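**Student:** Fold the following and give me the result.
(chains A and B)
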2 protein chains.
Amino acid sequence: MSATSLKEQISFIREVEKLKGVNRANRTVDGRYENSAEHSWHVALMALLLEEHANHSIDILKVVKLLLIHDLVEIDAGDTWLYETDQESKLDAETKAADRLFSLLPSDQKEEYFNLWNEFENRLSEEAKFASVIDGIQPLLNHLLTGNPEDGIIPVDKVWSRKKYISEYAPKLWGLVEELIEESKSKGLYE
Amino acid sequence: MSATSLKEQISFIREVEKLKGVNRANRTVDGRYENSAEHSWHVALMALLLEEHANHSIDILKVVKLLLIHDLVEIDAGDTWLYETDQESKLDAETKAADRLFSLLPSDQKEEYFNLWNEFENRLSEEAKFASVIDGIQPLLNHLLTGNPEDGIIPVDKVWSRKKYISEYAPKLWGLVEELIEESKSKGLYE
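**Tutor:** Below is the predicted model of the structure:
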């Protein structure tokens, strides 16, 4: 029983190796594209450090779980840049991906992790909302640090509109978001 | 007070961006070197999935914290390959690195995270031991998946000797380790 579980778990762990090959739109300090695995590491660590700024009492272990798995569906569906217009067309592909990937796990974990992914995707809990806040702040920090106007300038009104949910979900972190957007604008990354 | 904390936390979060630029000896499925940030993501997720195989009841949140931060010191000290002979010379550099990095955080978090790093480094708890087991298994899985004899063949007795601690810390996972080592040997990665 346990041996079968382990075999299935290892098969999943080998499969998710591929997340290291899913590139995002942002870069790293050495100039290559950031991938979704290292992004997931960064947001999980950020959530642990910034828990005190959440608006509600939250189960931080669940937040970390949500963040460690939130991008796994990109292994099949690819990363969709936040500022692309069509955000909705990705839902079907991501649901199929979640179903395929989490089915590699033993059935109890399949159910748990599929539900966690769905909880994050649909912001179904305070934990999912806080996770989405962290997932929205990390690219602002990263882009300010590594972005270059030559890679493209983003309309600032799009940024405000895409990040506005943070003011509702985590008002204590909204001042930070405002600063990051203004600083990125000064750097010529948004206009 | 909270504003100052947030500023310090963000300064730390920006600094650790550099972990994405610390390369390891292993590779990814697309052939580049794996970095310590994506490795940290992978082991944190593995720990969540494999908790049932731990030998003791453990605080899994702590295990995940240990794994998310265990390699941060490499930002200053670099990654040391497990099979290099001189593992001890790195201790001084890593302690200095931990001190510099965690000092960026608010004082309560500085203490918490420095202690977590030290707990992992010196295997001071069941959580640290389980984290070290996961940290020892991930490279075996990854190397079997992405390794190439042309990158160098590792003496198999060195592998057995470096991984032996897993049989003591997590006997339920030792069978897996044996399989991975034998399979890697068949693939020509060890001899």
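
**Student:** alpha carbons only for contacts and neighbour counts from here, please
**Tutor:** Noted.

**Student:** which residues touch the spatially most central residue of chain A?
**Tutor:** Central residue of chain A (Cα atoms, centre = their mean): residue A:135, 4.4 Å from the mean position. By Cα atoms under 8 Å, 6 or more residues apart in numbering or on different chains, residue A:135 lies in contact with A:43, A:67.

**Student:** From residue A:64, how far out is it?
**Tutor:** 11 Å (Cα to Cα, to the nearest Å).

**Student:** sorry, back to before: how much distance is there from the one helix or strand the residue nearest to the centre of chain A maps to to the middle of the chain?
**Tutor:** For residue A:135, the host element (DSSP states H and E) is helix A:126-146. Relative to the centre of its chain, helix A:126-146 is centred 7 Å away, using Cα atoms, centre = their mean, to the nearest Å.

**Student:** mean confidence score for that helix?
**Tutor:** Mean per-residue pLDDT for helix A:126-146: 98.

**Student:** For the next helix or strand after it, which residues meet the burial criterion?
**Tutor:** Under the assignment DSSP H and E, the closest C-terminal helix or strand after helix A:126-146 is helix A:156-163. For helix A:156-163, burial by neighbour count (16 or more other Cα atoms under 10 Å in any protein chain shown) applies to A:156, A:159, A:163.

**Student:** wouldn't the first one be in contact with residue A:185 here?
**Tutor:** Yes - Residue A:156 lies in contact with residue A:185 (Cα atoms under 8 Å); the separation is 7.5 Å.

**Student:** who touches both of these two?
**Tutor:** Contacts common to residue A:156 and residue A:185, judged by Cα under 8 Å, 6+ apart, are residue A:191.

**Student:** Count the neighbours of the closest residue to residue A:22 other than its chain neighbours for me.
**Tutor:** Among residues not flanking residue A:22 along the chain, residue A:35 sits closest, at 5.3 Å (Cα to Cα, 6 or more residues apart in numbering or on different chains). The number of residues packed near residue A:35 is 21, by other Cα atoms under 10 Å in any protein chain shown.

**Student:** what sits opposite residue A:35 in the beta ladder?
**Tutor:** residue A:23 (DSSP bridges).

**Student:** Model confidence score at it, please.
**Tutor:** pLDDT, residue A:35: 98.

**Student:** which ones are touching it?
**Tutor:** A:19, A:20, A:21, A:22, A:23, A:24.

**Student:** cool, and residue A:158?
**Tutor:** residue A:83.

**Student:** and if you look at residue A:109?
**Tutor:** Applying Cα under 8 Å, 6+ apart, the residues contacting residue A:109 are A:102, B:49.

**Student:** pLDDT score for residue A:84?
**Tutor:** 68.

**Student:** What would stretch A:137-147 look like as CSV? C-alpha coordinates only.
**Tutor:** Below are the C-alpha coordinates for stretch A:137-147, written out as CSV (Å, rounded to 0.1, in the frame of the first residue of the first chain):
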residue,chain,number,x,y,z
ILE,A,137,3.5,41.4,-5.7
GLN,A,138,6.5,39.2,-6.5
PRO,A,139,6.5,40.0,-10.3
LEU,A,140,6.3,43.7,-9.4
LEU,A,141,9.4,43.4,-7.2
ASN,A,142,11.2,41.2,-9.7
HIS,A,143,10.3,43.4,-12.7
LEU,A,144,11.5,46.5,-10.9
LEU,A,145,14.8,44.7,-10.2
THR,A,146,15.4,43.0,-13.5
GLY,A,147,13.2,44.7,-16.1
